[in-house]
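*Asks:* Would you be able to build a 3D model of this:
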Amino acid sequence: MIEEKNILSLDTAFGEISASLIRDGEPFLTRVESTTSGKTRSTAIVPILDGLLTQADLKWNELDLLALGAGPGAFTGLRIAAATLAGINSGLGLPILHLSSLAITARQAVTSQPLWVIEDARAGEAFVGCYEAGESIRGDRCISWQKVSDLQAGLFASHNEPASEMQGWQRLPLLIERSAALLAETEHILTESTISKLPVYPEPVYLQRSQAEKNIHG
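*Replies:* I've put the predicted structure just below:
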């Protein structure tokens with residue numbers, strides 16, 4: 001049963017190293033002071049994960065599942081998290097659950113209304129997704145900031161400052177710690193039926209096309 005599994009989750013999509021651990025249904029979260037807020041450092045991730053395992057009195061080989069905030073998000077943050085989990089899992093061979101990093105952000109805000117998560121992707125583009133009550137109602141995608149301005153204004157949340165003036169929009173604060181939101185999204189997405197279908201290698205979701213791809217497709 002899922003509630004009896006030991007699950008370690010990691011997200012670094014927007015710089016902060018966030019992790020959570022579920023042991024037999026009991027949650028363990030990274031503390032704010034234990035993270036490198038605003039800085040993703042590959043050398044800091046494993047000690048943070050080790051700390052969570054120590055709190056839960058677990059060893060690496062007692063884990064049943066890994067979860068990754070797979071993106072979209074900052075390229076460096078996604079690459080480092082994926083590479084770290086790939087290295088860890090090379091000896092464990094555990095299934096890896098891929099989570100939307102925008103969905104995790106949506107869980108950091110508190111509202112019962114539809115909420116857009118809008119993050120600057122640079123190069124004149126934004127990562128966007130819309131959520132309500134923890135469910136995706138508009139799939140994650142990468143669009144131009146011009147197209148963002150064409151959306152019907154409403155509630156939005158983000159970690160970074162928008163690259164465009166958000167006239168008519170209301171920005172909600174992120175009141176929930178990201179590690180807690182990460183744990184909540186892990187529990188929400190995971191079902192018994194999905195476990196057997198999960199890959200054992202992390203696959204970041206970048207969404208944004210490379211400059212070469214843009215040149216080819218226009």
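*Asks:* Every contact and neighbour count from this point should use C-alpha atoms.
*Replies:* Will do.
*Asks:* Using CSV, list the CA coordinates for stretch 156-165.
*Replies:* Written as CSV, here are the backbone C-alpha positions of stretch 156-165 (Å, rounded to 0.1, in the frame of the first residue of the first chain):
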residue,chain,number,x,y,z
PHE,A,156,-1.4,34.2,-10.1
ALA,A,157,1.6,33.1,-8.1
SER,A,158,5.3,33.0,-8.9
HIS,A,159,8.8,32.8,-7.3
ASN,A,160,10.4,35.3,-9.6
GLU,A,161,9.4,38.8,-10.6
PRO,A,162,7.3,38.8,-13.9
ALA,A,163,9.1,40.2,-16.9
SER,A,164,5.9,42.0,-17.9
GLU,A,165,3.5,44.4,-16.2
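*Asks:* Can you tell me what sits against it?
*Replies:* Stretch 156-165 has contacts (CA atoms under 8 Å, 6 or more residues apart in numbering) with 14, 105-106, 109, 115-120, 122, 124, 145, 169-174.
*Asks:* In strands only, show me these.
*Replies:* Counting by DSSP state E, the part of those found in strands is 115, 116, 117, 118, 119, 120, 122, 170, 171.
*Asks:* now those residues: which count as buried?
*Replies:* Buried members of those, counted by 16 or more other CA atoms under 10 Å: 115, 116, 117, 118, 119, 120, 171.
*Asks:* So what pairs up with the second one in the strands?
*Replies:* Beta-bridge pairing of residue 116 under DSSP bridges involves residue 130, residue 156.
*Asks:* Brilliant, that's me finished.
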